[in-house]
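[1] Sharing a model that was predicted from the sequence below.
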Amino acid sequence: MDATAALAAPAASGPALSGLHVPLVTPFTAQGDLAADALEGLAHQVLDDGADGLVALGTTGEPGALEDEERRAVVDVCVQVCRERGASLVVGAGSSSTRASVRELAALGGRPEIAAALVTVPSFVRPSEAGVLAHFGALAAHSPVPLVVYNIPYRTGQRIGADTLRELAALPNIAGVKHAVGGIDADTVNLLADPPPASHGFAVLGGDDAYLPPLLALGGQGGILASAHLCTARWAELVAAWRDGDVARARELGRGAVRLASAVFTEPNPTVVKGVLHAQGRIPSPDVRLPLLSASAAAVDAALYRATEWAEASPPAALAAV
Ligand SMILES: O=C(O)C1=N[C@H](C(=O)O)C[C@H](O)C1
């Protein structure tokens, strides 16, 4: 599938970007180098288990700690996997500088597997909401790929309200928001009570793992979730249950999701996810790069326990009856 073509298609029926997307960790070898083979293996595993797409160089991929060459290699691996699998790829890009972000986004053109760029609301600068709108307007006008606005005020220091999100949704070449405001706040409720029209093709994707269940209940279309490296099939089932209106199953799955996500985020992301993936033998080391420190054994054990608990929880009624 040509992911960019899918996004460029008229969006009369709703957002093109929806479902479960896994923001991949960047695995390192025991010597501290990029473990490209392990990254490729992880990418295939999560797609095998039901993820709809991948995110390269999200916060979870430690992009700020990678060399330029390593960042290029990560994107190359993910492009290759998404090409083979017909999956969509979102790539983290951009900075607090509008000019530099335009240049960075230009480099994403020409590869149809890259469905969108995940661009954080400018951090530290704290422009007005009108400034944020102008920033994304300029990026969207120049970007060769659609943008997903990464709204995460507790990291950026910049809040954007529901009205501004609706204005962003109305801009051409903006495919959605990764909404991570640390809860279900008034803006979230307001946005989803009066969502952008389907013709805008704008997706509201959860970016705070523990708040995905209520966001889906309010009408969110999916999520970008570091915890979904673990129990990927369960997360995919949770998204599908809300989409299909199976509320009883969605509630049951939501409890497991919150227990796992809460355990994964007891220490800075992606340290715990990497610890569990290493314990499961899926990446060669649990190492992260400074200023992150590896997760404690207690945090890894607790998350591993929750992942095992959820993975072994009751299957859907339809399967249990077989
Ligand atoms: O990399 C991402 O994308 C994510 N980052 C968030 C964070 O680190 O705060 C967490 C979310 O699960 C995905």
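    Structure received.
[2] what's around Pro286, how many residues?
    When neighbours are defined as other C-beta atoms under 10 Å, Pro286 has 21 of them. In short, each C-beta sits where N, CA and C put it, glycine included.
[3] That one against Ser294, yeah?
    Yes. Under the criterion of C-beta atoms under 8 Å, Pro286 is in contact with Ser294, at a separation of 5.5 Å.
[4] which phi and psi does Asp246 have?
    The main-chain torsion angles of Asp246 are listed as degrees, to the nearest 10 and equal phi -90, psi 80.
[5] returning to what we had before: please enumerate the shared neighbours of Pro286 and Ser294.
    Each of 271, 274-275 lies in contact with both Pro286 and Ser294 under the rule C-beta atoms under 8 Å, 6 or more residues apart in numbering.
[6] Specify which member of those residues is nearest to the ligand.
    Each of those was checked against the ligand using C-beta to the nearest ligand atom; the closest is Thr271, at 10.3 Å.
[7] and the spatially closest residue to the closest one that is not a sequence neighbour, what does it touch?
    Nearest in space to Thr271, with sequence neighbours left out and distances taken as C-beta to C-beta, 6 or more residues apart in numbering, is Ala295 at 3.9 Å. The contact partners of Ala295, taken as C-beta under 8 Å, 6+ apart, are 267, 271-272, 274-275, 286.
[8] Also Tyr305?
    Residues in contact with Tyr305, defined by C-beta under 8 Å, 6+ apart, are Ala263.
[9] Next one: the host helix or strand of it, is it in contact with the ligand?
    Following DSSP states H and E, the helix or strand that holds Tyr305 is helix 297-311. No. In this structure, helix 297-311 remains apart from the ligand according to C-beta under 6 Å from any ligand atom; the gap is never smaller than 13.1 Å.
[10] Tell me if Gly32 really is in a strand.
    No. Under DSSP: H, G, I helix; E, B strand; the rest coil, Gly32 sits outside any strand and is assigned coil.
[11] Quick one: neighbours of it, just the number.
    The criterion is other C-beta under 10 Å. On that basis, Gly32 has 10 neighbouring residues.
[12] So for it, what's the nearest residue that isn't a sequence neighbour?
    Taking C-beta to C-beta, 6+ apart, and ignoring the residues beside it in sequence, Gly32 has Asp287 as its nearest neighbour in space, at 6.6 Å.
[13] Going by secondary structure, that neighbour is in what exactly?
    For Asp287, there is no helix or strand it lies in under DSSP H and E.
[14] With the ligand as the reference, measure out to it.
    17 Å (C-beta to the nearest ligand atom, to the nearest Å).
[15] Please tell me I have it right and that residue contacts Leu277.
    No. Asp287 lies out of contact with Leu277 (C-beta under 8 Å); the separation is 11.3 Å.
[16] These two - which one has more neighbours?
    Leu277 (24 against 20).
[17] Now this structure against the ligand: closest residue?
    The nearest approach of the chain to the ligand comes at Gly58, 2.6 Å away (C-beta to the nearest ligand atom).
[18] Could I get the pLDDT score of that residue?
    At Gly58, the predicted lDDT confidence score is 97.
[19] next one: the one 10 residues further on
    Here, the pLDDT recorded for Asp68 equals 96.
[20] Counting neighbours, what do you get for it?
    Residues contacting Asp68 under the criterion other C-beta under 10 Å number 7.
[21] try Gln80
    When counting by other C-beta under 10 Å, one arrives at 14 neighbours for Gln80.
[22] Assign it to helix, strand or coil.
    Strictly by three-state DSSP, Gln80 counts as helix.
[23] Let me see the contact set for it.
    Counting by C-beta under 8 Å, 6+ apart, Gln80 makes contact with Glu40.
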